[in-house]
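Participant: sharing a model that was predicted from the sequence below.
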Amino acid sequence: MLAGVGTFIYLYQTTPIPDPNKDFRTQTTQVFYADGKTPIGTFATQNRESIPLSEMPDNLQNAVISAEDRSFWTNKGVDPKGIIRAAFNNARGGSTQGASTITQQYVKILYLTSERSLSRKVKEAILSLKLQREMSKQHILEDYLNTIYFGRGAYGVQAAAQAYFDVKAKDLTLAQSAVLASVLNNPTGFDPANGPDAKDRLFDRYQYVLTGMVSMGNLDQARADKALDKLPKFPKIRASDRYGGQNGHMLTLVRNELHELGYSDQEIDGGGLRITTTLDPGVMKDIQDAVLAQRPEGFGDKQLHIGAATVEPGTGALLGFYGGQDYLDSQINWAVAGGMVGSTMKPITLAAAIEQGFSLKDTFYGNNPFEFPDGLAVRNEQDTSYGASISAIKALEDSVNTAFVDMTDSMNDGPRAVYEMAKKLGIPPTHGSQSMPGIPNRSTDLSPDDTLITLGRARVSPINMANAYATLAAQGKRAEVHVITKVVDPTNGHDYTFKSPAKQVLDPDIAADVTYAMQQVVRSGTGTAALALGRPVAGKTGTATNGKDQVSSAWFVGATPQLATAVMYVRGDGDDQLDGWLPSYFGGTYPTQTWTAIMTSELEGQPVEEFPPAVYVDGEAPSDGHAPQPTRTPKPTKTPTPTPSETPTPTPTPTDTPTPTPTDTPTPTPSDTPTPTPTATTSSAGG
């Protein structure tokens, strides 16, 4: 103990305060396309304007102290509990944790790197103690508020006030001050421009800050009550042209992945990094051109949203995507936000069934409806019955809901088997999964307890759906989807190169059987519009409902051996009604035609490659190709209740029905059957 104290005293006496002007140089970070030469954009720290503490409202100062360091005016510049916790975690081999004081944060920004180690934490504490003796609290607070990162490229309160509210810092209201104090904790995660989830997180933090101001005696309860009810209004974001179009979406994806790789915002915006991405400018253009050419006319960007993504099988490289409308108009990237995937989940169910010993030869219950013992019933599109026994191949081709629910029910713990297969192929089960660096997802509904998981009630991003189908196209080899291949850090040597070889997660023979069945969807099933590509395609249509028996999303996900692409159409916040609003709203129409246009451009000049032939794992090839004799007795069903009832979310999803070859103006051919959420009465679902 005495030796430790002596060491600390020695380090305190021998550690000088560095020159911040020398050690805290900011350099512009450059982001490039996959060729390493063509620029996408930059991250920079130029957006900073220092102002005196006298021009920072008392409410702002008090809000920041409430958010970041409530003992600021009385502590000695360090948090002893944080030091002890860091030492304990380091001894256990864990990561260093902090609850750093404002002084410690200031020291870290100006003098230290973002390295997480006990030695850095000790040096931070020593410099904080010394700085505390040499600078007044007011001086430290002023410098901190002129230096800290608030998000949106804004360093310091003056730039932040303009970036969020288009006002000078001195004119900030109480509510605006509380917002700026709140975003310090997580500038990206709490930015309300990043969607409703981010806004909800910000609101929770905002209330924490205001409540803290009251408890510290800096705000009376009456004023707090007026501000606590809601966030202040945010004016339309003003951003430079470098974020226009898809550029802002690309740069945001890159920043997100850099965070996952351990880079701080200070390093990203001021570290002079040189970043090479997986993105191909030609693919980005192909996707955007196809989306704009195929989307129906007369439906504005603020209502109709299209998300699309292309992933390379075997490498996991995100080659391109379309995030929706211009980034300057909306920061929601629909290639990331996603929606309920509908019957695009059925190939994943088939893979799980074959892995459990079923075969393409096996038959399942195809009549309408399929009813569980508790009375829950699943219906096919237009209440069509396909026979008491329909082959797995034909069931996928026609997107027969009852057959796939029967398939799931016939497996050993079928819902969990489908859930595990989805994870295995590349769909993370929860929001913010670390298995897909930097690619957020909304597959929060993917659950091993979902009886109707095969109907695609989970919300998944087009990026992750494309990667799952890429795994099937790569004969069962899954690569981690990613957008960054290389980072060069000339300042700190914090370099990075993507090294994550593809893993064989599914038997190649099973993958061959699944892709064979998926090819029938395009040849004569619900995805015939993709025949126009003129090469083998393994794909699946999908349509989902919003819990009110209203179609809210339409999909086509498909792959060739070279590329896998997912296309999603949604409306409003992603759950608004498509049917009755958008003509031809099924997955086999606009989504499939958009997919075909994208892939036609992307594969131009590329050789035509074939998928491996079907192996018929655990079964012989049926003589008639699609309709083998029953191999087991289908489960009996109860007499269904006559009418489906409207039910709560999450919703079972639909099925697709064959559509004709694409035309410039698609006609509304039934394909995916929307499905209301299950209840004790009935439920219908489809492709």
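Facilitator: Great, that's in hand.
Participant: what about the strands in the stretch 301-450 of the chain?
Facilitator: For the stretch 301-450 of the chain, the strands defined by DSSP state E, counting those that start in this stretch occupy 304-311, 318-322, 339-340, 363-364, 370-371, 377-379, 390-391.
Participant: which among these is found nearest to G151?
Facilitator: strand 318-322 (22.7 Å; CB to CB). (Each C-beta comes from the backbone N, C-alpha and C, glycine too.)
Participant: how far off strand 304-311 does the closest one point, in degrees?
Facilitator: 170 degrees (axes from the mean of the first three to the mean of the last three CA atoms, to 10 degrees).
Participant: for strand 318-322, buried residues please.
Facilitator: For strand 318-322, the neighbour count (16 or more other CB atoms under 10 Å) marks L318, L319, G320, F321, Y322 as buried.
Participant: also stretch 404-417?
Facilitator: Buried-residue list, stretch 404-417, by 16+ other CB under 10 Å: F404, V405, D406, M407, T408, D409, S410, M411, G414, P415, R416, A417.
Participant: and stretch 182-192, by the same measure?
Facilitator: S182, V183, L184, P187, G189, F190, D191, P192.
Participant: pull the most distant pair out of those.
Facilitator: Farthest pair in the buried residues of stretch 182-192, by CB to CB: L184 and P192, 14.6 Å.
Participant: deepest in the core, which of the strands of the stretch 301-450 of the chain is it.
Facilitator: strand 339-340 (a mean of 32; mean count of other CB atoms under 10 Å).
Participant: that strand pairs with which strands?
Facilitator: With DSSP bridges as the test, strand 339-340 is paired with strand 459-460 (antiparallel).
Participant: what about whatever helix or strand comes next after the partner strand, average pLDDT?
Facilitator: Remark: after strand 459-460, the chain's next helix or strand is helix 462-473, criterion DSSP states H and E. Taken as a whole, helix 462-473 has an average pLDDT of 98.
Participant: now helix 462-473 against strand 318-322, angle please.
Facilitator: If you take the same axes, to 10 degrees, helix 462-473 sits at 140 degrees to strand 318-322.
Participant: in helix 462-473, what counts as buried?
Facilitator: Residues P462, I463, N464, M465, A466, N467, A468, Y469, A470, T471, L472, A473 are the ones in helix 462-473 that count as buried (16+ other CB under 10 Å).
Participant: just to revisit the earlier point, what's the farthest-apart pair in the buried residues of stretch 404-417?
Facilitator: D406 and R416 (16.8 Å).
Participant: right, and the strands of the stretch 301-450 of the chain - which one's nearest F32?
Facilitator: Per CB to CB, nearest to F32 of these: strand 318-322, 14.5 Å.
Participant: other SSEs contacting that closest one?
Facilitator: Under the contact criterion of 3 or more CB pairs under 8 Å, 6 or more residues apart in numbering; DSSP states H and E, strand 318-322 touches helix 281-294, strand 304-311, helix 334-337, helix 462-473.
Participant: which one, of those, ends up nearest to S385?
Facilitator: Across the helices and strands packed on strand 318-322, S385 has its closest neighbour in helix 462-473 (29.5 Å, CB to CB).
Participant: just checking the distance from the helix or strand following the closest one to the centre of its chain.
Facilitator: Per DSSP H and E, helix 462-473 leads on to strand 477-478 as the next helix or strand towards the C-terminus. Relative to the centre of its chain, strand 477-478 is centred 20 Å away, using CA atoms, centre = their mean, to the nearest Å.
Participant: which outside residues touch strand 477-478?
Facilitator: Residues lying outside strand 477-478 but in contact with it, judged by CB atoms under 8 Å, 6 or more residues apart in numbering, are 313-314, 316, 424-426, 467, 471, 502-506.
Participant: now swap in stretch 215-227 and tell me
Facilitator: By CB under 8 Å, 6+ apart, stretch 215-227 touches 58-59, 62, 65-66, 70, 174-175, 178, 210-211, 213-214.
Participant: PyMOL command for the buried members of those residues?
Facilitator: Selection of buried members from the contacts of stretch 215-227 for PyMOL, criterion 16+ other CB under 10 Å:
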select buried, resi 59+62+65+66+174+175+178+210+213+214
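Participant: show me which of the contacts of stretch 215-227 is closest to E381.
Facilitator: A175 (50.2 Å).
Participant: now do the contacts for that closest one.
Facilitator: A227, L231, P232.
Participant: tell me the SS of it?
Facilitator: With DSSP: H, G, I helix; E, B strand; the rest coil as the basis, A175 sits in helix.
Participant: can you get me the start-to-end distance on stretch 324-338?
Facilitator: Using CA to CA, to the nearest Å, the end-to-end distance of stretch 324-338 comes to 11 Å.
Participant: begin at 18 from here
Facilitator: New numbering, starting at 18: the last item is stretch 341-355.
Participant: excluding its backbone neighbours, what's nearest Y166?
Facilitator: Spatially, and ignoring its direct neighbours in sequence, Y166 is nearest to D282 (4.6 Å; CB to CB, 6 or more residues apart in numbering).
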